[in-house]
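Enquirer: Fold the following and give me the result.
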Amino acid sequence: MHLTSAPRQRGFLETPEIREPHARHVGGLPRWLELVIAVTALVTSVSSIAIALRHDHFMAMLVKANSLPYLQGGFSDRTPEDKEVLSLDLLNRGVGPAHEESLRVKVGESYVRSMNELFAAALGPEQAGKARELLHPIWNRVRTRFIPAGQSQLVFRLARTPENAQPWEALEKDQSRWNVEFCYCSVFQECWEVPSKWQEPQQVKQCHRDETREFVP
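Expert: Take a look at the predicted model:
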């Protein structure tokens with residue numbers, strides 16, 4: 001009796017089956033819930049940044065509002081104590097300091113650049129020299145003025161006395177023809193121009209000095 005063996009198969013290798021492991025979820029959460037949480041965190045972060053930027057913007061606006069100057073200028077012939085003093089003053093009624101960068105004075109239609117020119121335009125060249133001797137003007141000759149909130153600075157002042165009553169009264173009568181123009185800025189370089197003592201400040205990009213017309217007493 002002969003035994004025969006099954007023929008061997010050559011050239012064929014069995015490939016083992018490889019199975020990919022299932023992705024594990026943190027805490028056992030479904031993938032869609034993980035995505036929702038991630039998106040929510042991103043939206044929250046972006047919203048926080050936007051709110052912070054908006055807050056900074058409002059804070060900057062608040063600081064500017066609390067630094068806003070409001071400069072007024074004009075002529076007067078009496079002090080709060082009821083003394084007869086002819087003067088030109090600049091008063092800051094705002095909440096922030098004002099940097100006055102330009103000041104011009106007109107008598108009628110003509111600009112005057114000094115007290116001598118003011119006296120000559122108001123009283124005539126013949127009376128100007130004598131008036132200056134009698135009036136003893138007090139003035140502030142600085143080119144620009146930095147005026148804190150709630151404070152004022154004089155430009156010039158002429159006190160009435162028995163000795164100078166005549167030229168003083170002549171100037172006081174002529175005062176209705178006088179006008180003042182000025183320009184000022186805040187500490188943030190926001191600027192306003194006042195074209196006359198009867199007009200409100202008008203915002204401008206910057207103040208411009210014209211040395212041929214600037215008033216320096």
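
Enquirer: And for the residue nearest in space to the middle of the chain, nearest residue in space, chain neighbours not counted?
Expert: Centroid check for the chain by Cα atoms, centre = their mean gives residue 190 as the closest residue, at 3.2 Å. Distance criterion Cβ to Cβ, 6 or more residues apart in numbering; nearest residue to residue 190, sequence neighbours excluded, is residue 203 at 7.0 Å. Where C-beta positions appear, they are placed from N, C-alpha and C, glycine not excepted.

Enquirer: do residue 146 as well
Expert: Leaving aside its chain neighbours, residue 146 sits nearest to residue 99 (5.3 Å; criterion: Cβ to Cβ, 6+ apart).

Enquirer: Quick check: the one you found vs residue 171, distance?
Expert: Computed as Cβ to Cβ, to the nearest Å, the residue 99 to residue 171 distance reads 30 Å.

Enquirer: what about those two, which has more around it?
Expert: The neighbour comparison of residue 99 against residue 171 (other Cβ atoms under 10 Å) goes to residue 171, with 22 against 18.

Enquirer: re the thing from before, surely the residue nearest to residue 146 is in contact with residue 183?
Expert: No - counting by Cβ atoms under 8 Å, no contact exists between residue 99 and residue 183, whose distance comes to 9.7 Å.

Enquirer: quick one: average pLDDT of whichever helix or strand residue 171 is part of?
Expert: Per DSSP states H and E, residue 171 falls inside helix 165-174. The pLDDT scores in helix 165-174 average 96.
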